[in-house]
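Asks: Here is my input; please provide its structure:
(chains A and B)
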Amino acid sequence: MVRTRFAPSPTGYLHIGGARTALFNWLFARHHRGSFILRIEDTDVERSTEEATQAILDAMEWLGLKWDEGPYFQSKRLHLYREHVERLLERGLAYRCYCTPEELEERRKRALEEGRPPRYDGRCRDRKDRPDLPHAIRFKVPRNGATIVRDLIKGTVSFDHSEIEDLVILRSDGMPTYNLCVVVDDALMGITHVIRGDDHLNNTPKQILLYEAFGYKVPEFAHVPMILGPDRTRLSKRHGATSVTAYREMGYLPEAMVNYLVRLGWSYGDQEIFSVEELIEKFSLENVGRSSAVFNPEKLLWLNAHYIKEKDDRELAELLVPFLEKRGYRARGDERLPKIVKTLKERAKTLEEMAEMADFYFAEEIEYDEEARKRFLTPERLEIFDALIEGLSGLEEFTEKGIEGVFRRIMEEKGLKLGKLAQPVRVAVTGRTVSPGIFETLEALGKERTIKRLKKARDLLKEATL
RNA sequence: GGUCCCAUCGUCUAGAGGCCUAGGACACCGGUCUCUCAAGCCGGAAACACGGGUUCGAAUCCCGUUGGGACCGCCA
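Replies: So this is what the prediction gives:
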């Protein structure tokens, strides 16, 4: 039975990298019909917040990454970690360290300056007295030998014990540290596969040593490469929008985000588009690459446009409503919505953009683009507008087909090409020279508003003629 | 500085020694369609970091160089 987990620390929002790690874990578990566990690593009391926890949960739900167990909170499992530290202490595998953080910081700084490795020197390791002073607990890393990490992605990696310092496992305030908690939890929770960012590869030998000290079975490890910013350094806030939530707010669809994220580091031949079902079927660690990947917002945008085009009009309309409301329109319940969405879905790359393009459908009064007005709302079009208003008013069914019929008839009568009709009407109705096809636009806008806007334009022309 | 990881078009990647004159996708450029803009379709430019081996044969295997990244916390 495969068991994987995602273990974020609630110190900020779910970012792109974390989301991909979660996705890989989720897909791996689903693929093997195993369990996916969510665990919140909140042992850093200073930086952990409830808001961050909630934001992470929300983002995961939005992405569709449902967890089978949890969320577990490490802050509620402190007794387990302390008990484990006690076990190590009793067996002489851990010891009290009385060095203060300030002293350690000072020594680290000096070591770096002098070009020595900034590692703890183990000075408290063999200390015999046990004064009643503040102290941390450190794990005794064997002085000799090496630990081999067999990684499903990176292969076999060897770490010499001389390179590993005696790590702190219990802080002087009694709180356990990451390397201890992660081992205790993964062991107790029966995690079979630890899939995480390769920034953890260097921690892995320490953790293996802890597993062994406790006599626990070591899980399989899979370290996935980092996601980088355009400057090829680890993706972070200074690279712009990196939180999953930010993309949701910009009008991205979760399908696009999932599809984009999975292809960052994983591939399946030449295929680019994957449904979630397909991913569950096809995902495997063997097809995860070993090199880091640069985050490319343009491709994500393309995928988003793709999924917008594919989505059902009614569902899309539903998703668009909040974005319209943000622009001040009471769009909910407007029965034109699916039709409106239909005219826009081929053109908009995000919901935000779609709402922007939909402006003219909802605005009480439209504003003419000055250039467009000058060019297309000219006195000699007066005739056209009169004919159009008459023809369209007479339509029983205000449909694309009927509208086109009226246009064609007028074109024939006046001997005009469609462009001569469509552009002035477009400007009259949308205020701009760019819009979806004119017939579908008019139908979606509705008869009443169409006629009203045409009349307004006509009156403007009349005034100009006088 | 030490340790570890990585290296195919600008970017994401295919490639498991001959199928490679290196394939796909995004972005870019051109054409086509056309009521505008998109979308779609067709086409174009664009890469095996370098040097040594191994082999009849290397993008693929080995070594080195160079370059990039991560880690070296009483953060996770």
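Asks: Do a quick rundown of the strands in the stretch 251-400 of chain A.
Replies: Using DSSP state E, counting those that start in this stretch, the strands of the stretch 251-400 of chain A run over A:293-294.
Asks: Can you tell me which residues in it are near RNA strand B?
Replies: A:263-265, A:267, A:269-270, A:272, A:286-287, A:289-294, A:296, A:298-299, A:301-302, A:305-306, A:309, A:346-347 (C-beta under 7 Å from any atom of the strand). For every residue, glycine as well, the C-beta is placed using N, CA and C.
Asks: Show me just the buried residues among those residues.
Replies: For those, a neighbour count by 16 or more other C-beta atoms under 10 Å gives the buried set as A:263-265, A:292-293, A:301, A:305-306.
Asks: Need the residues you listed in JSON lines (columns: pLDDT).
Replies: Below are these laid out as JSON lines (pLDDT from 0 to 100):
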{"residue": "A:263", "pLDDT": "97"}
{"residue": "A:264", "pLDDT": "95"}
{"residue": "A:265", "pLDDT": "93"}
{"residue": "A:292", "pLDDT": "96"}
{"residue": "A:293", "pLDDT": "96"}
{"residue": "A:301", "pLDDT": "98"}
{"residue": "A:305", "pLDDT": "98"}
{"residue": "A:306", "pLDDT": "98"}
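Asks: Most widely separated two among those?
Replies: Longest distance between any two of those is 26.3 Å, between A:292 and A:305; criterion C-beta to C-beta.
Asks: shouldn't residue A:337 be in contact with residue A:323?
Replies: No: using C-beta atoms under 8 Å, residue A:337 is not in contact with residue A:323, being 11.9 Å away.
Asks: one step back: among the buried ones among the residues of the stretch 251-400 of chain A next to RNA strand B, which one sits closest to residue A:279?
Replies: For those, the minimum distance to residue A:279 (C-beta to C-beta) is 10.0 Å, reached by residue A:263.
Asks: which ones are touching that closest one?
Replies: Going by C-beta atoms under 8 Å, 6 or more residues apart in numbering, residue A:263 touches A:272, A:274.
Asks: and residue A:247, what are its phi and psi?
Replies: Main-chain torsions, residue A:247, degrees, to the nearest 10: phi -70, psi -40.
Asks: so who does it touch?
Replies: With contacts defined as C-beta under 8 Å, 6+ apart, residue A:247 is in contact with A:241, A:257, A:300.
Asks: for residue A:388, same thing?
Replies: Going by C-beta under 8 Å, 6+ apart, residue A:388 touches A:406-407, A:410, A:421, A:425, A:454.
Asks: Turn the residues you listed into JSON lines, columns for pLDDT.
Replies: Below are the contacts of residue A:388 laid out as JSON lines (pLDDT from 0 to 100):
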{"residue": "A:406", "pLDDT": "95"}
{"residue": "A:407", "pLDDT": "95"}
{"residue": "A:410", "pLDDT": "94"}
{"residue": "A:421", "pLDDT": "93"}
{"residue": "A:425", "pLDDT": "96"}
{"residue": "A:454", "pLDDT": "95"}
